[in-house]
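Visitor: model this:
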Amino acid sequence: MPELPEVETVRRGLLPHLEGARIARVEVRRPDLRWPMPVDLVQVLTGATVTQLRRRSKYLLADLDRGGTVLWHLGMSGRMLVEGAGLAGFHRDPGIIARHDHVVLTTQAGTTITFNDARRFGMVDLIREGTSHPLLDHLGPEPFDAAFTPAYLAAAFAGRRVPVKQALLDQRIVAGLGNIYVSEALWRAGIDPRRAAGRIGAARIAALVGHIRDVLADAIAAGGSSLRDHRQASGELGYFQHSFRAYDREGQPCLRDGCGGTLRRIVQSGRSSFWCPGCQR
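Guide: Modelled structure (predicted):
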């Protein structure tokens, strides 16, 4: 499932081609993905100009000049493909099957932006002007927001007995984190993913906030992590998977200087956690 860095990478790739662009043509090739698509999606989008392309947590949002916002979630396998004359740096992988192109936008400039989703766990919805969306209503602050401070996280963790890994995956506490980057941030911070969130001291929480931001920034700079389906809008792979220090490294030696431990895998709330018992406490 794409996490914050993958979605932010896609947003940045789409930005010069979609923000400020007028949508001249819209094709919706099936009535539903994970959920039914808005019946008036074509009508609302045709002729509209995208005034801003944003990200909230793991969602893409395109604000329209006529009011309202398009909400995308990439799901397990969703990709945003950019094609058009003069886009030499963009290419379509021949393995991406056209029958999974579910929504196709053509801008007035002739650029085509396609939402391709083989597994159909993604979604497209409309947020009507003056309304909110239930998927966004209860999200916590973004990791890069000024509101995401050590004091905020300490207050969110206070009294909580759940493992810190589970607490950080709670989108009501902090938005956009997922299994990969929580594992990486906890390794950098030297915190055992099993430790109760409420039993982490203030100094370690302050360090954790910094490590969360750093690992996300590093992943965005690398174009995200391509484990199975993720591609940047240009069609290129992400490369952060080559920098993993914890995730998917079960049985391999810990890369922290002087540790000498071996990475282990445990299952927490149905998800794999990778950690080093030698240096994560």
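Visitor: alpha carbons only for contacts and neighbour counts from here, please
Guide: OK.
Visitor: how near is the residue nearest to residue 265 when sequence neighbours are not counted to residue 167?
Guide: Excluding its sequence neighbours, the residue lying closest to residue 265 (CA to CA, 6 or more residues apart in numbering) is residue 274, at 4.6 Å. Remark: distance between residue 274 and residue 167 (CA to CA, to the nearest Å) = 16 Å.
Visitor: Which residue of those two possesses the greater neighbour count?
Guide: Between residue 274 and residue 167, counting by other CA atoms under 10 Å, residue 274 is the more crowded of the two (27 against 21).
Visitor: That one sits in which helix or strand?
Guide: strand 271-275 (DSSP states H and E).
Visitor: neighbouring contacts of that strand?
Guide: 179, 183, 187, 192-193, 246-250, 263-267 (CA atoms under 8 Å, 6 or more residues apart in numbering).
Visitor: which of these count as buried?
Guide: Taking 16 or more other CA atoms under 10 Å as the criterion, what is buried in the contacts of strand 271-275 is 179, 183, 187, 192-193, 246-250, 263-265.
Visitor: Not counting its neighbours along the chain, what's nearest residue 277?
Guide: residue 261 (6.8 Å).
Visitor: I figured the one you found hits residue 251, correct?
Guide: No: applying CA atoms under 8 Å as the test, residue 261 and residue 251 come out as separate, 9.6 Å apart.
Visitor: Which of these two has more residues huddled nearby?
Guide: Remark: of residue 261 and residue 251, residue 261 carries more neighbours, 18 against 13, as counted by other CA under 10 Å.
Visitor: how far away is that one from residue 248?
Guide: Counting by CA to CA, the gap from residue 261 to residue 248 is 15 Å.
Visitor: start to end distance for stretch 44-51?
Guide: End-to-end distance (CA to CA), stretch 44-51: 14 Å.
Visitor: which of the residues in it are buried?
Guide: Neighbour-count burial for stretch 44-51 [16+ other CA under 10 Å]: 44-51.
Visitor: Tell me which stretches of the stretch 51-200 of the chain form strands.
Guide: Here the stretch 51-200 of the chain has its strands, by DSSP state E, counting those that start in this stretch, at 59-64, 69-73, 79-83, 101-107, 112-116, 123-127.
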